[in-house]
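[1] The amino acid sequence is not available; the structure is as follows:
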């Protein structure tokens with residue numbers, strides 16, 4: 001089968017399945033199977049796929065037709081201009097989380113912060129981006145050994161393995177020392193909402209990284225309650241939040257002794273971060 005024909009057929013099958021990003025997904029799948037760039041889809045559309053490449057394309061397409069996220073099928077994604085490996089042990093890093101990283105990067109530059117603790121690190125996207133772009137050292141903590149394996153690989157991929165250490169820990173359980181910044185994108189979806197999520201999320205991404213308890217706030221309470229024991233003064237705590245959780249998380253932080261609470265919005269104009277100081 002020629003590349004051009006493979007692309008056309010893949011687009012049509014994805015479109016028939018109701019996948020809105022059918023053209024982009026098809027291009028990425030064919031490129032992955034044929035080990036070529038998207039430019040080659042145009043300039044070399046008459047190239048012939050090998051039987052193995054056809055089989056690889058069909059296997060990936062079958063997964064996408066079941067609404068598995070493209071990032072899991074391809075095995076990696078971009079975040080903050082860096083490349084991250086992902087699999088079913090980790091959430092897929094999302095553009096909204098870049099707002100949190102950018103806020104913390106600005107704080108690092110303005111306050112000469114040197115150390116960061118990332119709670120619930122997952123793929124390591126946050127702490128690795130801060131180490132690569134902010135020249136800090138830090139710890140990524142997660143309860144999932146599967147996630148930590150991925151995070152350690154990502155540290156090597158992005159050349160910060162000498163700056164970031166990953167520890168298996170249930171929140172602060174195995175953490176010692178003090179940090180200039182504590183950052184977290186914790187599970188924040190209400191338990192009752194998870195069954196209503198799209199199949200691309202609820203059927204593939206780890207539920208433990210999504211479920212924030214009955215009101216979605218369990219992890220904010222738990223982290224805020226103990227954060228002052230691990231945060232240097234002056235220090236920053238920075239959370240990603242659900243779009244409707246800003247006021248609740250702000251109140252949790254104020255009740256835990258934090259001040260100067262700030263709320264930030266994502267590119268869609270929705271509340272996405274809540275950050276506060278410990279003086």
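    Structure's in. What do you need? Since we're looking at a predicted model, the values are computed, not measured.

[2] where does residue 69 land on pLDDT?
    If you check residue 69, the pLDDT there is 95.

[3] That one contacts residue 92, doesn't it?
    Yes: using C-beta atoms under 8 Å, residue 69 is in contact with residue 92, at 5.9 Å. All C-beta atoms are positioned from the backbone trio N, CA, C, and that covers glycine.

[4] what residues are shared contacts of those two?
    residue 205 (C-beta atoms under 8 Å, 6 or more residues apart in numbering).

[5] Show me which helix runs longest in this protein.
    helix 95-111 (DSSP state H).

[6] Outside of that helix itself, list whatever touches it.
    Taking C-beta under 8 Å, 6+ apart as the rule, helix 95-111 contacts 79-80, 113, 116, 125-126, 129-130, 133-136, 180-181, 183, 185, 234, 236, 238-240, 264-267, 272-273, 275.

[7] I'd like the next helix or strand past the strand ranked longest in the chain.
    The longest strand of the chain (DSSP state E) is strand 231-240. Next in sequence after strand 231-240, counting helices and strands by DSSP states H and E, comes helix 246-255.

[8] average model confidence for that following helix?
    On average, helix 246-255 scores 96.

[9] Quick one: residues in contact with stretch 40-60.
    Outside stretch 40-60, the residues touching it (C-beta under 8 Å, 6+ apart) are 1-4, 6-7, 10, 27, 29-36, 73.

[10] Buried residues, it. List them.
    Within stretch 40-60, the residues scored as buried using 16 or more other C-beta atoms under 10 Å are 41, 49, 53, 56-57, 60.

[11] Report the inter-axis angle for the longest helix of the chain versus strand 231-240.
    Angle of helix 95-111 versus strand 231-240, following axes from the mean of the first three to the mean of the last three C-alpha atoms, to 10 degrees, is 150 degrees.

[12] Can you name the next helix or strand after helix 95-111?
    strand 115-119.

[13] by contact count, what packs against the next helix or strand after that following strand?
    Where DSSP H and E defines the elements, the next helix or strand beyond strand 115-119 is helix 125-134. On a contact count with 3 or more C-beta pairs under 8 Å, 6 or more residues apart in numbering; DSSP states H and E, helix 125-134 meets strand 82-85, helix 95-111, strand 115-119, strand 137-142, helix 145-157, strand 164-168, strand 179-184.

[14] Identify the residues contacting helix 125-134?
    79-80, 82, 84, 93, 97, 100-101, 104-105, 108-109, 116, 118, 121, 136-140, 151, 154-155, 158-160, 163-164, 183, 185.

[15] okay, now residue 273: neighbour count?
    Neighbour count for residue 273, taken as other C-beta atoms under 10 Å: 25.

[16] now swap in residue 66 and tell me
    Residue 66: 12 surrounding residues under other C-beta under 10 Å.

[17] For it, give its distance to residue 204.
    Here residue 66 is placed at a distance of 9 Å from residue 204 (C-beta to C-beta, to the nearest Å).

[18] Residue 85 now?
    Taking C-beta to C-beta, one finds residue 85 at 16 Å from residue 204.

[19] related to what we said a few turns ago, looking only at pLDDT, what's the mean for the longest helix of the chain?
    95.

[20] swap in stretch 231-240?
    Stretch 231-240 shows a mean pLDDT of 96.

[21] Touching it from outside, list them.
    96-97, 99-100, 103-104, 107, 111, 113, 115, 178-186, 188, 220, 223-224, 227, 249, 253, 258, 272-279.

[22] repeat that with 6 Å
    For stretch 231-240, contacts defined as C-beta atoms under 6 Å, 6 or more residues apart in numbering pick out 97, 100, 104, 107, 178, 180-185, 227, 273-276, 278-279.

[23] from the chain's centre, how far out does that stretch sit?
    Offset of stretch 231-240 from its chain centre (C-alpha atoms, centre = their mean, to the nearest Å): 20 Å.

[24] surely residue 273 meets residue 264?
    Yes: counting by C-beta atoms under 6 Å, residue 264 is a contact partner of residue 273 at 3.9 Å.

[25] circling back to that earlier point, just the buried subset of the contacts of stretch 231-240, please.
    97, 100, 104, 107, 180-185, 227, 273-276, 278.
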